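Q: starting from these lines, generate the structure:
(one chain, ligands or ions: 3)
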Amino acid sequence: MGLIVQKFGGTSVGSVERILNVAECVKEETDRGNQVVVVVSAMGKTTDQLVNMAKEISSQPSKREMDMLLSTGEQVTISLLSMALKEKDLEAVSYTGWQAGIITEPIHGNARITKIKTEAIEGQLQAGKVVVVAGFQGITETGEITTLGRGGSDTTAVALAASLNADRCDIYTDVTGVFTTDPRYIKSARKLLSVSYDEMLELANLGAGVLHPRAVEFAKNYQVRLEVRSSMEKVEGTIIEGEATMEQNLVVRGVAFEDKITRVTVLGLTNSITSLSTIFSTLAKNQINVDIIIQSTTETGAANLSFSIHTDDWLETLNVLEDNKSILDYEQLDAENKLAKVSIVGSGMISNPGVAAKMFEVLAENNIAIKMVSTSEIKVSAVVEEKYMLKAVEALHEAFGLGD
Ligand code: ADP
Ligand code: ASP
Ligand code: MG
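A: Ligands and ions are numbered 1, 2, ... in the order given. Next comes the predicted model:
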């Protein structure tokens, strides 16, 4: 007898009919003699609707109250799915994040799981029950409800799989696996049979929304065998594991993209030795995530600094920089909105020089100007104008031989 964690995302539980389909999927696993823990998301677009309602009331709602609100979405699904399982003669019990013992750090809106007290779940499994857990939510040591960031139900599932020592964690979603790029936008995207943890981590961090980045981090750290598959079509999915089998010896395995990027430029920093650390520690204190950073020195010895942020953080960044102008000692601020980041990812890049050059060549051939660049051993990212994002993805996908 094995222990399997199954996770079903929003579309997969989007209606009563779909919940009944999920119950069938769970039953197939228990019929094989396995113990099952199911993690579910809120139904369909529920989380978006809750966010919109809050925005109608307040432009800056309290983060604590947002967590209280958003955590209700998943609670609807766990109870309905447990009822559906009972209709199929399966013993099932629903658990909220806190009942499941999911402890997080005390940060609202994007908390990390710090510990899982698995006793309650283990007790129910031993009693022969299917345990249905609300994804995306946890509780702090002082009893405050938190959420794990959008898409965080994946992380609940993988973290549970790791702490329960499960044999497998299956992520059921609305696509049949991890593709070479987002199949919703690029029709020639191809399903990958396997991807390594490192490649998947880069893809997820660079905008491939199919898996929450922290879920991949947990899977890698605890060697959880992860599979992404469809809740609607019974076909083979994508395995995420230590070493992915190289298909067709491709150096680039996927193209990820992300819009809503802003480039901020701080001109004329007079004290370039300390200003860099002061700027970034001030931004960090205000929970503003900075991505690509470029610094250059002018003839006068002053420094110019550019960095990219998510556009949602732009107003707050502006406020923070203006409020601290006297300490930071700069001349002028500038910003460019409506940018996007396009990235190519693949473990094969380590041993293949010239991949970045080819990427820049492809973008140049398509008359797409590059605003910023960043690289790691297994990825190259370029910031371009948002209106060229999909054109760039399509061209790179084709040029690196990823299409059908
Ligand atoms: P769920 O609600 O099941 O968690 P998500 O919407 O979070 O589903 O993730 C699935 C979506 O991820 C797909 O519908 C697809 O549009 C998007 N996606 C982005 N990049 C990729 C990729 N490389 N492979 C597969 N899907 C991707
Ligand atoms: N319901 C949450 C969201 O929409 C969490 C998840 O679905 O993973 O972001
Ligand atoms: Mg998701």
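
Q: all contacts plus neighbour counts: C-alpha atoms, from now on.
A: OK.

Q: and stretch 367-382, which residues are buried?
A: Using 16 or more other CA atoms under 10 Å as the test for burial, stretch 367-382 gives 368, 372, 373, 378, 379, 380, 381, 382.

Q: surely the fourth one meets residue 350?
A: Yes: because the distance of 6.2 Å satisfies CA atoms under 8 Å, residue 378 is recorded as touching residue 350.

Q: one step back: any chance of the buried residues of stretch 367-382 in CSV, with pLDDT, distance to ligand 1 and secondary structure too?
A: Formatted as CSV, the buried residues of stretch 367-382 follow (pLDDT from 0 to 100; distance: CA to the nearest ligand atom, whole Å; DSSP: H, G, I helix; E, B strand; the rest coil):
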residue, pLDDT, distance to ligand 1, secondary structure
368, 98, 22, coil
372, 96, 22, strand
373, 96, 21, strand
378, 94, 16, coil
379, 96, 14, strand
380, 96, 16, strand
381, 97, 15, strand
382, 97, 17, strand
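
Q: can you redo those residues as CSV with distance to ligand 2?
A: What follows is those, written out as CSV (distance: CA to the nearest ligand atom, whole Å):
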residue, distance to ligand 2
368, 32
372, 29
373, 29
378, 27
379, 25
380, 27
381, 25
382, 26
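
Q: tell me the one of the residues you listed nearest residue 286?
A: Among the buried residues of stretch 367-382, residue 372 lies closest to residue 286 (CA to CA), at 23.9 Å.

Q: tell me the bridge partners for the closest one.
A: Here residue 372 shows beta-bridge partners residue 383, assigned using DSSP bridges.

Q: list the contacts of it.
A: 292, 294, 382, 383, 384 (CA atoms under 8 Å, 6 or more residues apart in numbering).

Q: give the residue spans of the stretch 101-250 of the chain that score low on pLDDT.
A: Under the criterion pLDDT under 70, the flagged ranges of the stretch 101-250 of the chain are 244-249.

Q: before we move on, back to that, list only buried entries from the contacts of residue 372.
A: Neighbour counting with 16+ other CA under 10 Å marks 292, 382, 383, 384 as buried within those.

Q: which pLDDT value goes with the third one?
A: Note on residue 383: pLDDT of 98.

Q: skipping its backbone neighbours, what lies nearest the residue of the stretch 301-404 of the chain found nearest ligand 2 in space?
A: At 16.4 Å from ligand 2, residue 312 is the closest residue in the stretch 301-404 of the chain, using CA to the nearest ligand atom. Of all residues not flanking residue 312 in the chain, residue 260 sits nearest, at 7.6 Å (CA to CA, 6 or more residues apart in numbering).

Q: how about residue 215?
A: Excluding its sequence neighbours, the residue lying closest to residue 215 (CA to CA, 6+ apart) is residue 155, at 4.0 Å.

Q: now check whichever strand or helix holds that neighbour, is it near ligand 2?
A: Per DSSP states H and E, residue 155 falls inside helix 153-163. Yes: using CA under 6 Å from any ligand atom, helix 153-163 reaches ligand 2 at 153, 154.

Q: what residues does the protein put near ligand 2?
A: Within the chain, the positions lying close to ligand 2 (CA under 6 Å from any ligand atom) are 9, 10, 41, 42, 47, 136, 150, 151, 152, 153, 154.

Q: for stretch 343-356, buried residues please.
A: Using 16+ other CA under 10 Å as the test for burial, stretch 343-356 gives 343, 344, 345, 346, 347, 348, 349, 355, 356.
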